[in-house]
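In: quick check, what structure comes out for this input:
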Amino acid sequence: MDDGTEPGFNRTGAQSSPLSVHSMQLYADERVPEEVSAPDEMPDGKEMAAVRCDYAVEAERIGSVPMPGVLTSAFTAVVSKLGARKPEVLVDKLGERLAFERIGVRLYQALIDKAAALATQQRMPFSVDDLQRLRDDELAHMHVLASALDSLGADSTAQTPAAAVSAVAISGLMQVLTDPRTTLVHCLEAMLIAELADDASWELLISLTAEADQDQFLPQFRSARDNEKAHVRQIRGWLQTVVLGEAR
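Out: From the prediction side, this is the model:
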């Protein structure tokens, strides 16, 4: 089976056509605008950086954390214990993890589908049951987070700003998993990126939850973090097995 590393007609590198590279360089050298021809006047990216800074200062925010539909005693307790600090930070991060875990379920389902398609061509380092168990862990984490938000009186169906950004960040990983051309190695590498981010984000959420004195959530959050650490070990192990097998 072609594992994606077989030599082929890859023409993206300069070595594939050294004469063309020379011609291209001559063409570029001949057409440097006169007004910026001096070395100290060459574009250095400062103009682009200035534009980005202006946009960053003037841009509206991505979204907002919704006010709780019902001011429960739990949310009131968060507000009183945090004092002058912002309880919406906790709600925002809970929403972020909820969105990430929801997409994590879809990532694992995509990996299950990919593995099923490739199973007739190569040996898998895992079983379908292994992947389904990891997918179900992500689903369970999603329900834990939704329950935590609901118990605070927050809206677990709302997309917080951090959740929106998280969805954009992980969208590239989904494209890797669902692209018909990607190999098992590509997909496992994408899953490892997701799981490493998941692990680190649960650590942060646990610290934030403890800071808010919401100790009732900590046992389940710590259990989810431990699950994610186990996921990282498994994905890393499977990836190593496949890559080393292809190198032999």
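In: gap between the residue positioned nearest the centre of the chain and residue 96?
Out: By C-alpha atoms, centre = their mean, the chain has its centre lying nearest to residue 170, at 3.6 Å. For residue 170, the distance to residue 96 (C-beta to C-beta, to the nearest Å) stands at 11 Å. Backbone N, C-alpha and C define where each C-beta goes, glycine included.
In: for the protein, which residues score under the pLDDT cut-off?
Out: Within the chain, the segments meeting pLDDT under 70 span 1-16, 32-44, 67-85.
In: hmm, 80 instead?
Out: 1-22, 24, 30-45, 59, 61, 63, 66-86 (pLDDT under 80).
In: can you give me the helices for it?
Out: Ranges of helices in the chain, per DSSP state H, are 18-30, 46-58, 73-82, 88-118, 128-151, 161-178, 184-211, 218-247.
In: now do the contacts for residue 143.
Out: Residues near residue 143 by C-beta atoms under 8 Å, 6 or more residues apart in numbering: none.
In: for residue 159, same thing?
Out: Per C-beta under 8 Å, 6+ apart, neighbours of residue 159: 63, 95, 99, 167.
In: that older thread, most tightly surrounded among the helices of the chain?
Out: Highest mean neighbour count of the helices of the chain: helix 88-118, a mean of 21 (counted as mean count of other C-beta atoms under 10 Å).
In: for the residue nearest to the centre of the chain, give its distance to residue 176.
Out: Distance from residue 170 to residue 176, by C-beta to C-beta: 10 Å.
In: related to what we said a few turns ago, with adjacent residues omitted, what lies nearest to the residue nearest to the centre of the chain?
Out: residue 103 (5.2 Å; C-beta to C-beta, 6 or more residues apart in numbering).
In: does that neighbour really touch residue 169, like I thought?
Out: No. Contact criterion C-beta atoms under 8 Å: residue 103 and residue 169 do not qualify, at 9.8 Å.
In: one step back: now the contacts of residue 159 in JSON lines, with distance to residue 223?
Out: Formatted as JSON lines, these follow (distance: C-beta to C-beta, whole Å):
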{"residue": "63", "distance to residue 223": "30"}
{"residue": "95", "distance to residue 223": "20"}
{"residue": "99", "distance to residue 223": "20"}
{"residue": "167", "distance to residue 223": "25"}
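In: between the residues you listed, which sits nearest residue 219?
Out: residue 95 (20.7 Å; C-beta to C-beta).
In: report the contact partners of that closest one.
Out: 65, 149, 154, 156, 158-160, 162-163.
In: state the distance from residue 56 to residue 92.
Out: For residue 56, the distance to residue 92 - C-beta to C-beta - is 20 Å.
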